[in-house]
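Trainee: Can you look at this prediction? I've put the sequence above it.
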Protein chains: 2
Amino acid sequence: MTAGLTTAQLIEKHLPTLDQALDAIRSRAYWSPYPEHPKAYGADGQGVPGSLDAAEGQAAFDALRGRRFELDQPGTDGWSATESSPYGLELGVEYPHADIDVLLPALRAAVPAWREAGPKARAAVCLEILARINARTHEIAHTVMHTSGQAFMMAFQAGGPHAQDRGLEAVAYAYAAQAAVPGSAQWSKPQGKRDPLELKKEFTAVPRGVSLLIGCNTFPTWNGYPGLFASLATGNAVLVKPHPRAVLPLALSVRIAREVLAEAGFSPDLVALAAERDGEGIAKALAVRPEIRIIDYTGSTAFGDWLETNARQAQVFTEKAGVNTVVVDSTDDYKGMLSNLAFSLSLYSGQMCTTPQNLLVPREGIGTDAGHKSYDEVVADLATAVEKLLGDDARANALLGAIVNDQVGARIDAAAQLGEVALASRSVANPDFPGATVRTPVIVKLDGAKPDAEAAYFSECFGPVAFAVAVDSAADAVELLRRTVREKGAMTVGAYTTSPDVERLIEEACLEECAQLSLNLTGGVYVNQTAAFSDFHGTGGNPAANAALCDGAFVASRFRTVEVRRPA
Amino acid sequence: MTAGLTTAQLIEKHLPTLDQALDAIRSRAYWSPYPEHPKAYGADGQGVPGSLDAAEGQAAFDALRGRRFELDQPGTDGWSATESSPYGLELGVEYPHADIDVLLPALRAAVPAWREAGPKARAAVCLEILARINARTHEIAHTVMHTSGQAFMMAFQAGGPHAQDRGLEAVAYAYAAQAAVPGSAQWSKPQGKRDPLELKKEFTAVPRGVSLLIGCNTFPTWNGYPGLFASLATGNAVLVKPHPRAVLPLALSVRIAREVLAEAGFSPDLVALAAERDGEGIAKALAVRPEIRIIDYTGSTAFGDWLETNARQAQVFTEKAGVNTVVVDSTDDYKGMLSNLAFSLSLYSGQMCTTPQNLLVPREGIGTDAGHKSYDEVVADLATAVEKLLGDDARANALLGAIVNDQVGARIDAAAQLGEVALASRSVANPDFPGATVRTPVIVKLDGAKPDAEAAYFSECFGPVAFAVAVDSAADAVELLRRTVREKGAMTVGAYTTSPDVERLIEEACLEECAQLSLNLTGGVYVNQTAAFSDFHGTGGNPAANAALCDGAFVASRFRTVEVRRPA
């Protein structure tokens, strides 16, 4: 790696990548600088110089286990260990516990020099941090796998390059927003025959102060990097408060950030970790501290709403719960539709905020290229598609990963009591990790016209639970879709239809209720996946989230512009 | 004028102006499309085709008085008249009072077609509205004068072209933010030897819904247009709730907007008026309606804080009270400094949110090009400068305007009890409007070291009241400046110094506390004036306001982006 580069050298090194990222967010075409194939990493890899290969990543991860994770940050008053791998692997990592009254002033003190460095230097330093993180993707993959329960390949890609993409995307948005205002201007206002009025004006992007990242259990890096890098790139210091069960991926990211910052001549305390003890719940206390001026949060609606209501001194960006719907009206690729949906329901055991939950199917059935299919046939065929997809245990393990906590398991079992079970969830043994709880999705049939069914499908049932809801018609489905997005929120909406009229109705519903729509996905792109630089994750305009990853609004209020004007 | 142009024709007509505005916000050099000289308007004017001249503007204003102001908007359930001119002129205009349960649904129903028109058409329609408003600047000047109490020339410029500039600036920012996302993208992700994954993606800027503008008494158009046009240009409908004592300027603007919208083929109900009866206080009820998703507010800190706390369903942009400081450390143009400050204190009787209140002067005196001046000399010389500036009653009337309400008058009288009066406020007769209350500024000397003085200078005393606060040193002044901005907020900070060290301290304080700084203004630019496209009005980063006019953050969250993706 490139230790000790000056900011000028870092700018030179990373400017081409930043420019490409800026082009990508403008065109929204496919782009990524971080390879998603594991073989691109390591001494033999063609992609990433200086990166760890699979064996090195495994060794680096093993070396982290069973010991203290040193960070050398101010105010450490003890050590805490709160993680347990969903795969049953003993982690035993202890993290520094911080005296917030010591740590927060250190973060604040680090800010002025970081502000003075300016947007371009900050972007370059952020890109160096991301490059170092990228080089250690094999190591980070294990940390994500053993905290989130994601299968290795998903932990590698979603927790590695895809998360790094989202971080870089945030840096690009942050840079573009700051660069939209020039550093200085000459202002000359004509005064008729008199001399013009002339002023020299200087404009400085100034940060809000300290930003708090409250991480989540399932996607610690993917959901964490956008806020972390958006705030850092706009001049703020960032305090990272990981989910107590998913500390390691963010602790490692914090350590890398601190190393790069120090090497580049800045205070490492611009990024610090706030690990907590079991049951300590420090997020509430941190969130209302006057020093905290920005909060990024992914998690439950209850706590997200609490933050929005109570952390009044901060800009609060939240991603909360939602109920994702797929309208199944008709298709010209029945097989493709079934296999696409089966994959979407199975990936990471449905533990994604983007996984479909309610499949709305007309009770009269649907038209397909394989003839008319009744509601019962559609549901049965989908159940068969899921069974087939997950029939091989090795493949099932690679796709499902592990159940992240006991509540998800309990929810699967409870869902089976809610209606007729079209597909029962089964447990899958994981030969590598006998302690892992691995479960296939349950599909439950519900009649959308029955009021008691609504209690089931009209709230989020996080985990591998899908409801096949029988509706009266496509119009009825669209009405239920609208009401669901408006009242419960949605990160994703999917739809299958060959009818231009129905398509128009669904599009209009998504435009009016503000939800992201994927239409007729039958191939290798799934409704629950979004690509940085091109797809928006959420809209920020329905109850599931007040922000989207990533757009102008995600960065615009993280800094302000101070003008100093004087006679020219 | 150009009645009945299609949106395509409006785009062709206004695109060059929009492009210039986009250039201006990027360069922040001087620019304005709206002439500020009264003689540029009218049939003989060189500047604005089809505009009203002075006599026509006067006649148009007179024709508005003493009758109902018809708007033909849905839900009118009565009429209300709440204005009284600070100049004593009988206005007698009655405005439609709305049944909100009828009016709000009409606004919502108007939104989808406006959303479908797209950002460029919306910008063009907004520019047509502004052009029509501009052509009626002479008429609007009288409406602003007789509601705010501004003198005619200020009402003409600040209420006319300068307000229109701010509206256009908001349109430019709104357009730029929406145009940052392309309308569509082809996404093709390589898959090694397999076919690439290919999607067609469409991106639509969707509005939040209905935006509420809560107007103020002193600058109904200047403070109103930015929010109105930012929301309209991003696809929202806008409900305009004027201050009950300053309805006419905004009612006229609403009527013009409705005319243009209808002519361009949109529902006029995209912009509507919510006038209220005396004491009705409808802002509170409106602000928490679920339909209201954006609020722009200028006014008291108490109600601004209430909005931020209670209107949780809306994005709330506020400009509230602050305490503006000028640090007087040293100068190489003593006379220029005094005359510049005298003008700043006098303009519109200090009834600007940007007027300096606290002048911090070292008790040991200051160095100047005219030799060392003691604290007493500085204050006495400033008093003399104000007296001289306002010595002629005609000039005083032209500069001061009228006191906007009785509370301001009471505040002047109370201020004289707070300390030694260096300059007493005097009443000026206005021969044209004998009913006008015209008052010159009072300057009160306070000792910053005395705790009881702090009660006076450490809160906003809105009106022509300045405190000359004796401080121990420049460093002491900077410390007080910091504390004032942090705890009370500030729209402006001014400073006079020839010392690079003091300048650096003041700049650093403004960067850290987030306040706009004007240094060493001694000519024809004043700390209380900002120019659209170049100067930011407020920072949005201290307690005086949570938003700046105008920047990316002012528009970014007024819309969201909905993506529809489908296989290519």
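Mentor: In hand now; what should we look at? Here the structure is a predicted model, which means the values were calculated and not measured.
Trainee: Of all the residues in the stretch 1-150 of chain A, which one is nearest chain B?
Mentor: Here the residue of the stretch 1-150 of chain A nearest chain B is residue A:28; by Cβ to the nearest Cβ that distance is 3.9 Å. No exception for glycine: its C-beta is placed from N, CA and C like everyone else's.
Trainee: Please give the number of neighbouring residues around the residue in the stretch 101-250 of chain A that chain B sits nearest to.
Mentor: Residue nearest to chain B within the stretch 101-250 of chain A: residue A:185 (3.9 Å; Cβ to the nearest Cβ). Neighbour count of residue A:185, defined by other Cβ atoms under 10 Å in any protein chain shown: 23.
Trainee: give me the element it is part of.
Mentor: For residue A:185, the host element (DSSP states H and E) is strand A:184-191.
Trainee: same for that strand, what does it pack against?
Mentor: strand A:194-207 (3 or more Cβ pairs under 8 Å, 6 or more residues apart in numbering or on different chains; DSSP states H and E).
Trainee: Pairing partners for the strand it packs on, with directions?
Mentor: Using DSSP bridges, the strands paired with strand A:194-207 are strand A:184-191 (antiparallel), strand A:559-567 (antiparallel).
Trainee: Helices of the stretch 401-550 of chain A, residue ranges please.
Mentor: Here the stretch 401-550 of chain A has its helices, by DSSP state H, counting those that start in this stretch, at A:406-415, A:451-457, A:474-488, A:500-513.
Trainee: got any ranges where the stretch 101-250 of chain A has weak pLDDT?
Mentor: Scanning the stretch 101-250 of chain A with the threshold set as pLDDT under 70 gives no residue ranges.
Trainee: Residues contacting the strand holding residue A:185, please?
Mentor: A:196-203, A:565, A:568, B:27-30, B:524, B:531, B:534 (Cβ atoms under 8 Å, 6 or more residues apart in numbering or on different chains).
Trainee: just checking, which of the strands paired with strand A:194-207 sits deepest inside the structure?
Mentor: strand A:559-567 (a mean of 23; mean count of other Cβ atoms under 10 Å in any protein chain shown).
Trainee: Please look at residue A:441 and residue A:468 and confirm they touch.
Mentor: No - taking contacts as Cβ atoms under 8 Å, residue A:441 lies outside contact range of residue A:468: 11.4 Å.
Trainee: just how off-centre is the strand holding residue A:185 within its chain?
Mentor: Remark: strand A:184-191 is offset 45 Å from the chain centroid, using Cα atoms, centre = their mean, to the nearest Å.
Trainee: Kindly report the same for stretch A:257-275.
Mentor: Centroid separation between stretch A:257-275 and its chain, computed with Cα atoms, centre = their mean, is 23 Å.
Trainee: In that stretch, which of the residues would be classed as buried?
Mentor: Residues of stretch A:257-275 classed as buried under the neighbour-count rule (16 or more other Cβ atoms under 10 Å in any protein chain shown) are A:257-264, A:266-275.
Trainee: before we move on, what about stretch A:290-309?
Mentor: Neighbour-count burial for stretch A:290-309 [16+ other Cβ under 10 Å]: A:291-299, A:301, A:303-304, A:306-308.
Trainee: Closest one to chain B out of these, please.
Mentor: Proximity of those to chain B (Cβ to the nearest Cβ) peaks at residue A:308, which lies at 7.0 Å.
Trainee: quick one: average pLDDT of whichever strand or helix holds the closest one?
Mentor: For residue A:308, the enclosing helix or strand under DSSP H and E is helix A:301-310. Mean per-residue pLDDT for helix A:301-310: 94.
Trainee: Run through who's touching whatever helix or strand comes next after it.
Mentor: Following helix A:301-310 in sequence order, the next helix or strand is strand A:315-319 (DSSP H and E). The contact list for strand A:315-319, computed with Cβ under 8 Å, 6+ apart, reads A:208, A:223, A:227, A:293-299, A:304, A:307-308, A:353, A:491, A:538, A:544-547, A:554, A:557-558.
Trainee: is the helix or strand just after strand A:315-319 anywhere near chain B?
Mentor: Later in the chain than strand A:315-319, the nearest helix or strand by DSSP H and E is strand A:325-328. No - using Cβ under 8 Å from any Cβ of the partner chain, strand A:325-328 stays clear of chain B, with a minimum separation of 13.2 Å.
Trainee: Helix or strand next in line after strand A:325-328, which one?
Mentor: Following strand A:325-328 in sequence order, the next helix or strand is helix A:334-346 (DSSP H and E).
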